[in-house]
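Asks: got a predicted model here, sequence first, then my questions.
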Amino acid sequence: MEGKGKEGSSAAAAASCLSKYVDHGSVESHRYYLARRTAMEMLRDRGYEVSADDINISLHEFRAIYGDHPDVDRLRVSAVHRSDSSKRITVVFSGTGMVKVNAIRSIAADILSRESVTGMILILQSHITNQALKAVDLFSFKVELFQITDLLVNVTGHVLKPNHRVLTDKEKEALLKRFCIDEKQLPRISKKDAIVRYYGLEKGQVVKVTYSGELAQSHVTYRCVW
């Protein structure tokens, strides 16, 4: 009996310890938390002013502010570029339902009534209709579409991903001059590539890709967005 009592105490202690790691909040709020954090890291890495405190907020703090079932309008993020204050981008979350043309028009009217922006990232949770996509094309600024599942993890932080650094126009020009080549002669990287989408790159921009590992020496290549 004494042995059983000790086993019972050990099991209870283990259960109490494990309960500290159980997430008692909603899956919905957890997804919003992860996607919003990645979106802010993405803005920071593109050169926009984003507070480190906002990025590093804990899940508990996030739920305390936005609740277990956040209002998507409150999750919006706006930021100004560090080196060009005329560049302002906003991140908008859509609801869980299908995104139709009226929803896009409503987002457009709301944003344009609040502030002047030069870009928008729209985070979807469901299917977007063809009519809504056509409405997106009518925006006067660049609109990027991401599924929320694309942003649950920051792709640049993956251990298997090589390091990518976007070259400035001057660095690109110097690179082409050094090797006496045209940008079309560089290895290509698709505009649909996850890294290209993360940095919001355009056709013709060049990234320096550094591969490194324990079994191989560092290897550098350059790829042009195409």
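Replies: Nice, thanks for sending it over.
Asks: hey, let's count contacts and neighbours off CA atoms from now on
Replies: OK.
Asks: residue contacts, the residue nearest to residue 104 when sequence neighbours are not counted?
Replies: Distances taken as CA to CA, 6 or more residues apart in numbering put residue 132 closest to residue 104, at 6.3 Å, once the chain neighbours are dropped. Applying CA atoms under 8 Å, 6 or more residues apart in numbering to residue 132 gives the contacts 99, 100, 101, 102, 103, 104.
Asks: taking the residues you listed one by one, which sit in helices?
Replies: The helices, defined by DSSP state H, take in 101, 102, 103, 104 from those.
Asks: which PyMOL command selects the buried ones in those?
Replies: Selection of buried members from the ones in helices among the contacts of residue 132 for PyMOL, criterion 16 or more other CA atoms under 10 Å:
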select buried, resi 101+103+104
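Asks: redo the ones in helices among the contacts of residue 132 as TSV? Include distance to residue 126.
Replies: Formatted as TSV, the ones in helices among the contacts of residue 132 follow (distance: CA to CA, whole Å):
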residue	distance to residue 126
101	14
102	15
103	13
104	14
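Asks: between the ones in helices among the contacts of residue 132, which sits nearest residue 44?
Replies: Nearest to residue 44 out of the ones in helices among the contacts of residue 132 is residue 104 (CA to CA; 25.7 Å).
Asks: ok, that closest one to residue 66 distance?
Replies: 23 Å (CA to CA, to the nearest Å).
Asks: residue 82 too?
Replies: For residue 82 relative to residue 66 (CA to CA), the value is 27 Å.
Asks: and the residue lying closest to residue 220 once chain neighbours are set aside, what helix or strand is that in?
Replies: Leaving aside its chain neighbours, residue 220 sits nearest to residue 210 (4.5 Å; criterion: CA to CA, 6+ apart). Assigned by DSSP states H and E, residue 210 falls within strand 206-211.
Asks: what residues sit buried inside the next helix or strand after that strand?
Replies: Next helix or strand after strand 206-211 toward the C-terminus (DSSP H and E): strand 219-225. Across strand 219-225, burial judged by 16+ other CA under 10 Å covers 222, 223, 224, 225.
Asks: and what of stretch 45-62?
Replies: Buried, per 16+ other CA under 10 Å, within stretch 45-62: 46, 47, 48, 49, 50, 55, 59, 62.
Asks: same deal with stretch 156-172?
Replies: 156, 162, 163, 164, 166, 172.
Asks: quick check: the gap between the fifth one and residue 65.
Replies: Separation of residue 166 from residue 65 (CA to CA): 35 Å.
Asks: what does residue 197 give?
Replies: Separation of residue 197 from residue 65 (CA to CA): 29 Å.
Asks: which one's more surrounded, those two?
Replies: The neighbour comparison of residue 197 against residue 65 (other CA atoms under 10 Å) goes to residue 197, with 16 against 11.
Asks: can you tell me the SS state at the more buried one?
Replies: When classified by DSSP: H, G, I helix; E, B strand; the rest coil, residue 197 comes out as helix.
Asks: OK, contacts around it?
Replies: Contacts of residue 197 (CA under 8 Å, 6+ apart): residue 191.
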